[in-house]
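Visitor: Build the 3D model from these lines:
(3 chains)
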Amino acid sequence: MEDIRYEAPKTVKAAVALLANEPGLAKVLAGGTDLLVQMRAETVNPQLLVDIKKIRETHALKRLPDGGWRIGASVTGAEMEEHKRLKKDWPGLVEATDLIGSTQIQGRCTPVGNLCNASPAADSVPAQIAAGAIAVIVGPNGTREIPAENVAVAPGRTSLAKGELVVALLLPPRPKHSSDAYLRFIPRSEMDIAVVGCGVSLTLDVDGTCTAARVALGAVGPRAILVGDAAKALIGTKLEPAALEAAAAASSAAAMPIDDKRGTKEFRIKIAGVLTRRTAEIAYERARKN
Amino acid sequence: MPDDVKVTDLKEFKSVGKRNPRPDGVDKVTGRAKYGADFFLPGMLYGRVLRSPHAHAVIKSIDTSEALKLEGVKAVITRDDFKDLPHAQPPYGPIVHDGGDITRNVMAREKALYDGHPVAAVCATSDTIAKKALKLIKVDYQVLLHVIDPVEAMRDDAPILHEDQFTNGVEPKPTKPSNIFRVMKAERGDLDKGFAEADLIVEREFNTKAVHQGYIEPHACVASASEDGTVELWCSTQGQFNYRATCAMVLGIPTSKIKVTPSEIGGGFGGKLPVYGEPLAIKLSMKARRPVKMVMSRDEVFRSTGPTSGANVWIKIGVKKDGRITAAEGVLKYQAGAFKGSGIGAAIGCMFSEYDLDNIRITGYDVCVNRPKVAAYRAPGVPMAAFGVESVMNEIADKLGMDTVDFRLKNAAKEGTVNVQGIKYGPIGFIEMLEAVKAHPHYNAPLKENQGRGFAAGYWMHAGGMSCATINVQDDGTVNLLEGNPDIGGSRASMCALVAEEFGIPYDRVRTTIADTSSLGFTLFTAGSRVTYATGMAVVEAARSAIKLMVDRAAKAWGVTADQVVWENGQARPASSNVGDFPPMTMSELAKKAPMMGGAIAGHAEINATGQGPAIGAHLVDVEVDPETGFVKPIRFTVFQDVGRAISPDYVEGQMQGGAVQGIGWALNEEYIYNDKGQLQNAGFLDYRMPVASDVPMIDTVMIEEPNPNHPYGVRGVGETPIVPPQAAVINAVENAIGTRISEMPASPPKILKALEAKKRALAAE
Amino acid sequence: MAKHHVSATVNGDPVEFLCETSQSLLEVLREELQMTGTKEGCGTGDCGACSVMLDGRLVCSCLVLGVETEGKSVETIEGMAKGDELHPLQRKFIQHAALQCGICTPGFLVASRALLEENPDPTETEIRFWLAGNLCRCTGYDKIVRAVMDAAQEMRESANAR
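Guide: Next comes the predicted model:
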């Protein structure tokens, strides 16, 4: 871990140029709460760090005219947690991001960094996917947008080409009677990597029937899984016990976890179902209040 | 203790037993206090250690030539820089005295015996260069099969760690080498008769995992070797005198050439009794002719320093219908790590010892496995065995339909009880404690659905040993106390309180300094719950010797005999008006007159403390279990303990609370996880899961005071007992919440869920 | 390669230092500035012993690079007392015996102060969850939580008195 170059460009264009022109490994530095740990463990050995925190537009956390949101790449978990309006629109996404690490980690970590680190167990990612978040990517060939679920391709690997970086997440406008929730299972009460994570976003009609749903699971596959069948099981229902059981079963069926030091396959499959049910219930309660 | 010194009567103390502010408090809350890594010397180099990535391998060759060529590297050391040492005679245990083992643990010789075993070390002008240099050292390993489980290591076909180790304690003497270093047995009475008389017998097998002491401060030292062969070592340690002796032994230099200054210590729990980097830093400094700083990273602490043993424990207890135990048996198989010496001995001495039993047999196996050598972890060896014993005790109480505390009362040891090792007890507060448990509001508080309550007792016999103390009375009448125990838990405050009490002066007129090895006589480590007991005894004796000197001087000044002078409230005064109408002489007066009266006023003591009594505890805990996930949340915890006499009640409570929470972690989440290559997978605080603040409730404490009559202040050591009962208490609470037995630790959520599902299936099958 | 020359503010004082890219703020504080009150327990952001405030935000200094502090304000444990006057939290920690070995104490104090600045009246649960990133192995957290609650009460009372 030495002779690493450090650059802090002031524009996205400059950042792209630095990333694209680096012959060796260049890494984007935002919060650094994953990257610095990886550098210390020497599992990631960059030649260049591109610190994006001096790029003003990456700090923007703003509600768009159509009711959607733009979360810049340098926006931290702490800032999201402090944003009352964002919490009102997207409580699940905010609580998911708030679960990353400790209060100290929250002061630095970013949901965009969490997404791009591509850990299968990342806490904010299932909530981002359930929310229908879009990643805005800028690279040498211009700007493109892809769904958040297509950023990670494998543990630690993204679909970004050399020179590309995610500059923001976009959240869609929220219809009435919508809300989201996120739950994770960890062995302690805090500080652990999720053994299973579940994000659910729901839209209801005025009498409480679910008209749209997205259910995403984390830590039960090489990347977060969007469980279409779980969503289908909820749509058209008022989340009665039978619907919830069906959604839970769909999640357990879709989960393809491994055994590792944080949990067994069998346990994760079971918990995926339990969390789906509980998370959906919370999202439903919140949506009813909206 | 001298015959004339009796236990101080229960009177109103002025300093002892009060909640005094600790003297090092301000330094510690401002960041001023200096711990092991906070020390710098001009010209200092940075030391780093190369560690084996293999669990078991022959070290065929080490080529350091490329590392030596790197600019900034000032020295490199390997096994060639250390002499082989002979293996020592008993006693063995987690606190190792065996030179042959120590030198090999500090720097591997023939083989690497665990993932993390040091094989070389470097020092360089920066940490970055030192780390780079490690990468340039080429080690040729021949990887061997490894074994990490003690039961597997006991098999005839297990890979053998030490070809020269033959099991002790078996007849006839074995001819094949074994991983079993020794078999220990203790027996009393007639076991077969006892079991034959029993109305009910319960037997169960338990498995526990290795857990680490988890101190937050990694090992750190700075060594400076001079051209004249003297060495100064600044380090975080629980025993500077022990470190001096061990370093001298490993380096082959006289003890007199080494001076060890202990820094403030950021936790130890027994883990900072063995040396690790210290001899390496000294050797590097000798070669480089500059000071060398060596600080472990967190993953090095986990990989390379002693956790405590994981164990296989088998317990069998027989009782009569009325609850009287007729026989008790235990078989213990403990991981010793790469070198012999787990806590089997202490386990045997303590696991059943809070009970009055006639027929006992305990067999213990000390088994070498490819893991770091175990070190003491607070009551070393006992918690694993107590987990088994107390779990079976709880099961028996259930099966008898008897209140679990009443079952303990039926069998409780008391004054005069003789234990498995033939020790006859003086006064102990176990019965009083059990009654306090039953009387406590926690005992009968209502429980909600999915909640369960657990109980367990525990016994520990703490250490005495050698302590020295020197007192100097300053010319303003204040007292400087020099003692030799690094302050881990607030002991300095207790020493000040004891000395202030003896002199009869305010607490803040005593200042305690922790001595380096050149400034005081040999003082045994801060461990074994011995400091308030043994060093407390020494400081009291030192104070009394200073008081005697001042009494003699006052008597001389008044022309009377010493027995006509009394010391009270910081002054010498005539014993009665008959003696004479002399105004009292205060300490500062005597001190100011000292030049005319024979010289500076001092007192000292060099003792080998004995007479310690048992330290018994009991824990009561409520948990809530999520039946769908197996998640366990401790919601209420009460710790009961016979503390003898609480010199510093705040800090006694602190020991009780800290041990309880370590026990919670041990029971629910902490464990060493290895892959199939024997490499540690969770060498960090992320995946080695110690309790955080949101994992635990407030820990209530009930201190029972049954003074130990052999100590001038009735002290019993309190530091270690609190880690003996909590595991069984927590597991018992989980068992009562889910309605099924758990026989392993950690009882992590997947295991609890499995147990719940097995129970469901069993019920469905009925 | 050449080190970075960084100008920042530490505890209100301007400082300058040189550092390699890979050096964390924790290393800079301890090695370059010789301010050893901030401790390394793990180096990976899991124990909180290295807690500092960075531009008013509670962070782990082991996960911030020295070079990232250019132009920023850092507050460490050394700046917590004002002259001879200890912060109420520091006093309460001593009073409540909320430290045994004391190695985690600077981290807890910095983190607790950040909590009380954001939430002057936290519940026990809020305190425990805020401080979940600070590991203590000695105390079992009981006396720490009590000290924070007591300090919060004293600080609320003196704020109301003004």
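Visitor: what's near enough to touch residue 134?
Guide: This is for chain A. For A:I134, the contact set (CB atoms under 8 Å, 6 or more residues apart in numbering or on different chains) comprises A:145-148, A:169-172. Where you see a C-beta, it was placed from the backbone N, CA and C, and this is true even at glycine.
Visitor: wrong chain, I was asking about chain C
Guide: A:102, B:692-693, C:47-49, C:51, C:104, C:107-108, C:111.
Visitor: Equivalent analysis for B:A660, please.
Guide: For B:A660, the contact set (CB under 8 Å, 6+ apart) comprises B:619, B:637, B:639, B:699, B:722, B:726, C:140.
Visitor: Name the helix or strand for the closest residue to the fourth one other than its chain neighbours, please.
Guide: This points to B:I699. Spatial nearest neighbour of B:I699, excluding adjacent residues (CB to CB, 6 or more residues apart in numbering or on different chains): B:Q657 at 4.0 Å. Assigned by DSSP states H and E, B:Q657 belongs to helix B:649-668.
Visitor: Past that helix, which element shows up next along the chain?
Guide: Of the helices and strands lying after helix B:649-668 in sequence (DSSP H and E), the nearest is strand B:699-704.
Visitor: Remind me what that next one packs against, helices and strands.
Guide: Where contact means 3 or more CB pairs under 8 Å, 6 or more residues apart in numbering or on different chains; DSSP states H and E, strand B:699-704 is packed against helix B:430-439, strand B:632-642, helix B:649-668.
Visitor: Report the distance from that strand to the chain centre.
Guide: Going by CA atoms, centre = their mean, to the nearest Å, the spacing between the C-alpha centre of strand B:699-704 and its chain's C-alpha centre is 21 Å.
Visitor: Could you chop the chain up by domain?
Guide: Using chain A here. When chain A is parsed with automatic domain parsing, its domains come out as A:1-52, A:178-289.
Visitor: The chain in question should be chain B.
Guide: Chain B breaks down into these domains under automatic domain parsing: B:43-144+B:219-295, B:311-422+B:435-462+B:612-765, B:464-609.
Visitor: which regions of chain A sit below the pLDDT cut-off?
Guide: When residues are selected by pLDDT under 70, those of chain A lie in A:1-2.
Visitor: Near chain B, which residues of it are found?
Guide: A:1-2, A:185, A:187-193, A:261-264, A:266-267, A:270-271, A:274 (CB under 8 Å from any CB of the partner chain).
Visitor: Tell me which of those residues fall in helices.
Guide: Of the residues of chain A next to chain B, the ones assigned to helices by DSSP state H are A:266-267, A:270-271, A:274.
Visitor: Most neighbours of all the residues you listed, which one?
Guide: Using other CB atoms under 10 Å in any protein chain shown as the neighbour test, these are led by A:I271, with 32 neighbours.
Visitor: Surely that residue is in contact with A:P187?
Guide: No. If you go by CB atoms under 8 Å, A:I271 and A:P187 don't touch, sitting 11.2 Å apart.
Visitor: Common neighbours of these two, please.
Guide: Both A:I271 and A:P187 are contacted by A:V195, under the criterion CB under 8 Å, 6+ apart.
Visitor: ok, so what distance separates B:G477 from B:V499?
Guide: Relative to B:V499, B:G477 is positioned 13 Å away (CB to CB, to the nearest Å).
Visitor: How about the helix or strand encompassing B:K751, which residues are buried there?
Guide: Assessed by DSSP H and E, B:K751 sits inside helix B:749-765. Neighbour counts over helix B:749-765 (16 or more other CB atoms under 10 Å in any protein chain shown) mark B:749-753, B:755-756 as buried.
Visitor: Which elements pack onto that helix?
Guide: When contacts are defined as 3+ CB pairs under 8 Å, 6+ apart, helix B:749-765 packs onto helix A:265-289, helix B:726-738.
Visitor: Next, the angle from the longest one to helix B:749-765.
Guide: If I follow you right, that is helix A:265-289. If you take axes from the mean of the first three to the mean of the last three CA atoms, to 10 degrees, helix A:265-289 sits at 90 degrees to helix B:749-765.
Visitor: Quick check, central residue of the chain?
Guide: If you meant another chain, say so; for now it's chain A. In chain A, the centroid-proximal residue (CA atoms, centre = their mean) is A:V125; its distance is 2.0 Å.
Visitor: hmm, I had chain C in mind actually
Guide: Central residue of chain C (CA atoms, centre = their mean): C:V110, at 2.6 Å.
Visitor: what is the closest residue to that one other than its chain neighbours paired to in the beta sheet?
Guide: Once flanking residues are discounted, C:V110 sits nearest to C:S51: 4.4 Å by CB to CB, 6+ apart. C:S51 forms beta bridges with C:C60, as assigned by DSSP bridges.
Visitor: Could I get the contacting residues of B:G739?
Guide: Taking CB under 8 Å, 6+ apart, we find B:G739 in contact with B:K759.
Visitor: For it, give its distance to chain C.
Guide: 29 Å (CB to the nearest CB, to the nearest Å).
Visitor: again, but for B:Q474
Guide: Remark: distance between B:Q474 and chain C (CB to the nearest CB) = 24 Å.
Visitor: Can you report phi and psi for that residue?
Guide: The phi/psi pair for B:Q474 (degrees, to the nearest 10) reads phi -80, psi 170.
Visitor: what number of residues lie near it?
Guide: With other CB under 10 Å as criterion, B:Q474 counts 15.
Visitor: residue contacts, it?
Guide: Per CB under 8 Å, 6+ apart, neighbours of B:Q474: B:480, B:591.
Visitor: any residues touching the longest helix along chain C, and which ones?
Guide: Counting by DSSP H, the longest helix found in chain C is helix C:142-161. Helix C:142-161 has contacts (CB under 8 Å, 6+ apart) with B:650, B:653-654, B:657, B:693, B:698-699, C:88-89, C:91-93, C:95-99, C:108, C:112, C:115-116, C:120-122, C:124, C:127-128, C:131, C:136.
Visitor: Any residues of chain C in contact with chain A? List them.
Guide: Contact residues, chain C versus chain A (CB under 8 Å from any CB): C:1, C:4, C:20-22, C:24, C:43-46, C:48, C:51, C:54, C:57-60, C:62-65, C:67-68, C:111, C:114-115, C:129-134.
Visitor: Any quick PyMOL command for the buried ones out of those?
Guide: Selection of buried members from the residues of chain C next to chain A for PyMOL, criterion 16+ other CB under 10 Å:
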select buried, chain C and resi 4+20+21+22+24+43+44+45+46+48+51+54+57+58+59+60+62+63+64+65+67+68+111+114+115+129+130+131+132+133+134
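Visitor: Of the residues of chain C next to chain A, which belong to strands?
Guide: Cross-referencing these against strands under DSSP state E gives C:4, C:51, C:54, C:57-60.
Visitor: Run through the helices of chain C in chain order.
Guide: Using DSSP H, helices in chain C cover C:25-27, C:88-95, C:105-118, C:124-130, C:142-161.
Visitor: export these to TSV and tack on mean pLDDT?
Guide: Below are those laid out as TSV (pLDDT from 0 to 100):
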stretch	mean pLDDT
helix C:25-27	98
helix C:88-95	98
helix C:105-118	98
helix C:124-130	98
helix C:142-161	96
